[in-house]
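> need a structure here:
(2 chains)
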Amino acid sequence: MNHQNTPDTEYEFKAVQGLIRLKRFEQPEEDFTENFLREFHQRQRAEMLKQSAFSLLAERVGTWWNNLLVPKWGLAAATAAVCVMGAWMASQNHEATVVTSVPAIPVIEEKPFIPKMDLSDLPMANITDRGNSKLEESLLRKHLEMRPAIESTVSPLPASGTWQVPSQQNAVPATHNGVDGGLGR
Amino acid sequence: MEESSLSAKAAPVAPLNVPAPGSSAAEDRILVERAQAGDTKAFDDLVRKYTPKLYGLVYNMTSNREDTADVLQDVFAKAYRSIKRFMGKSSFYTWIYSISVNMTLNFLKKRGRHHKVSLDDVDTGIHNDPEFIRVTTANSGVSREVNIHELQKRLNAAMMKLSEDHRTVVTLYDVQGLQHAEISKILGVSEGTVRSRLFYAHRLLQSYLEDFVK
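As a prediction, this is how the structure comes out:
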């Protein structure tokens, strides 16, 4: 920024300054200051009367505090410590309240779908149970019941021309060795 | 034209009332210490001492006498409430001027820019000031009353055309007679900023008052 002026400009600047400086003659009247001071005192008194009860209480507490003989800083530190502890405890309680007040989100436990079946109904369910004589008997009975139907599709009637009622004596196992080679024994 | 008789060409500029820094500052310090200790008379003395100076500052920024008195009441009320917190890092003079400038600028913001300067706002008291009359009517053979009144109106109008920042530096420098360094402390800006604002303010005033300066 160039503040360098030509002689004419500088002269005009000084002329402007001279005019503006005339404004310093605009001073208040002679009794203005005393009247102003009187009004200032009145306003101060009015302000004091308008002071709230709280500010008066605060002022009195301040005065009492200043006149207190106990070590002020120690008491102030103790008060501050109590306040900090109280605030900390309050914040802890508040946090706990916040945690419990949050509505519980329902936990959906997804279980695998297992159809309910009574596996004991399956004929081979207990096939591994080799010592089960009832199973062996039921399997044999079923076999014997189904054998004629199977044999009719496979082989002609026997030479006698009649079917013998199946019994344990004439039963011939379809597989001589059976499931585990033990059938028909 | 009659106004040309008011040209500053022939008007000697009277010495500025620059505050004496030495004894005045020491005197202020004593009064402040007494006021801080609860001596209300000491604060009254500070009010008496600074009211005329601050009146010039606030009046030239507001161009209204009633507003000036109201702002000054608020300024001294604030100073009274804060006097115990005044640490003496700056002079009381700088401190009270800073409060005055800030409160006046706040007042002007509240009042808004729609305020018009009326003829009633012109200070008629100075019409009888012999020094003012001597300066303004030097080399004049025309009606003194008309010229002085007209000059005051034009000066006030020109000042009110300036922005608040420019008006503040012009008031502090040209009217109050403070130095750039003091103004920068009061306003909290650099001296370069003060000089720059002054330069532009003078240029604007020159265009507003060209009838008087040509």
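
> does residue B:183 touch residue B:165 like I think?
No: contact criterion C-beta atoms under 8 Å: residue B:183 and residue B:165 do not qualify, at 11.4 Å. Any C-beta I mention is one placed from the backbone N, CA and C, and that applies to glycine too.

> up against chain B, what does chain A have?
Counting by C-beta under 8 Å from any C-beta of the partner chain, the residues of chain A close to chain B are A:1, A:3, A:12-29, A:32-33, A:36-37, A:39-40, A:43-44, A:47.

> in chain B, where's the longest helix?
When chain B is parsed with DSSP state H, its longest helix is helix B:40-62.

> restricted to buried residues, select the residues of chain A next to chain B in ChimeraX.
The ChimeraX command for the buried members of the residues of chain A next to chain B (criterion: 16 or more other C-beta atoms under 10 Å in any protein chain shown) is given here:
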select /A:12,13,14,15,16,17,18,19,20,21,22,23,24,25,26,27,28,32,33,36,37,40,44
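
> okay, now residue B:106: neighbour count?
12 (other C-beta atoms under 10 Å in any protein chain shown).

> can you name every helix or strand that the helix or strand where it lies contacts?
Per DSSP states H and E: residue B:106 is located in helix B:92-111. Counting contacts by 3 or more C-beta pairs under 8 Å, 6 or more residues apart in numbering or on different chains; DSSP states H and E, helix B:92-111 is packed against helix B:22-36, helix B:40-62, helix B:65-82, helix B:164-170, helix B:180-187.

> tilt between the helix or strand hosting residue A:46 and helix B:65-82?
Applying DSSP H and E as the criterion places residue A:46 in helix A:32-49. Computed by axes from the mean of the first three to the mean of the last three C-alpha atoms, to 10 degrees, the angle separating helix A:32-49 from helix B:65-82 equals 50 degrees.

> could you look up the SS state of residue B:38?
What DSSP: H, G, I helix; E, B strand; the rest coil gives for residue B:38 is coil.

> could you check how far it is from chain A?
The spacing between residue B:38 and chain A, counted by C-beta to the nearest C-beta, to the nearest Å, is 13 Å.

> give me the neighbour count for that residue.
By other C-beta under 10 Å, 9 other residues sit near residue B:38.

> need the contact list for it.
Listed by C-beta atoms under 8 Å, 6 or more residues apart in numbering or on different chains, residue B:38 has no contact partners.

> check what pLDDT the spatially most central residue of chain B gets.
Nearest to the geometric centre of chain B sits residue B:57, at 2.4 Å (C-alpha atoms, centre = their mean). With respect to pLDDT, residue B:57 scores 93.

> OK, contacts around it?
Residue B:57 is in contact with B:97, B:100-101, B:104, B:171-172, B:175-176, counting by C-beta under 8 Å, 6+ apart.

> go again with 7 Å.
Listed by C-beta atoms under 7 Å, 6 or more residues apart in numbering or on different chains, the contact partners of residue B:57 are B:100, B:171, B:176.

> roughly how far does the first one sit from residue B:71?
Translated: residue B:100. Between residue B:100 and residue B:71 the distance is 8 Å, computed by C-beta to C-beta, to the nearest Å.

> what of the last one?
Plainly put, residue B:176 is 16 Å away from residue B:71 if you go by C-beta to C-beta.

> and for the second one?
Distance of residue B:171 to residue B:71, computed by C-beta to C-beta: 13 Å.

> re the thing from before, return the most buried member of the helices and strands packed on helix B:92-111.
Of all the helices and strands packed on helix B:92-111, helix B:164-170 has the most neighbours on average by mean count of other C-beta atoms under 10 Å in any protein chain shown, namely a mean of 21.

> which strands or helices does that one pack on?
Applying 3 or more C-beta pairs under 7 Å, 6 or more residues apart in numbering or on different chains; DSSP states H and E, one finds that helix B:164-170 contacts helix B:92-111, helix B:191-208.

> quick one: average pLDDT of that helix?
Helix B:164-170 shows a mean pLDDT of 94.

> if we can go back for a sec, just the CA atoms of the longest helix of chain B, as CSV, please.
Below are the C-alpha coordinates for helix B:40-62, written out as CSV (Å, rounded to 0.1, in the frame of the first residue of the first chain):
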residue,chain,number,x,y,z
THR,B,40,-15.0,5.9,46.5
LYS,B,41,-13.7,9.5,46.6
ALA,B,42,-10.6,8.4,44.7
PHE,B,43,-12.8,6.8,42.0
ASP,B,44,-14.9,10.1,41.9
ASP,B,45,-11.6,11.9,41.2
LEU,B,46,-10.9,9.5,38.3
VAL,B,47,-14.4,10.2,36.9
ARG,B,48,-13.9,13.9,37.2
LYS,B,49,-10.6,13.7,35.4
TYR,B,50,-11.6,11.5,32.6
THR,B,51,-15.2,12.6,31.9
PRO,B,52,-14.2,15.5,29.6
LYS,B,53,-11.7,13.5,27.7
LEU,B,54,-14.0,10.5,27.2
TYR,B,55,-16.9,12.8,26.4
GLY,B,56,-14.9,14.0,23.3
LEU,B,57,-14.2,10.5,22.3
VAL,B,58,-17.8,9.2,22.6
TYR,B,59,-19.5,12.3,21.3
ASN,B,60,-17.5,12.3,18.1
MET,B,61,-18.3,8.6,17.6
THR,B,62,-22.0,8.9,18.3
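
> distance between that helix and the chain's centre?
Offset of helix B:40-62 from its chain centre (C-alpha atoms, centre = their mean, to the nearest Å): 11 Å.

> now the angle from that helix to helix B:92-111?
Here the directions of helix B:40-62 and helix B:92-111 differ by 50 degrees (the same axes, to 10 degrees).

> and the gap between the residue nearest to residue B:165 when sequence neighbours are not counted and chain A?
Nearest in space to residue B:165, with sequence neighbours left out and distances taken as C-beta to C-beta, 6 or more residues apart in numbering or on different chains, is residue B:197 at 6.0 Å. Here the criterion is C-beta to the nearest C-beta. By it, residue B:197 lies 11 Å from chain A.

> what about residue B:197, how many residues close to it?
Residues lying near residue B:197 (other C-beta under 10 Å) number 22.

> and it, what does it touch?
Taking C-beta under 7 Å, 6+ apart, one finds B:165-166, B:169 in contact with residue B:197.

> quick check, pLDDT for it.
Model confidence at residue B:197 (pLDDT) stands at 96.
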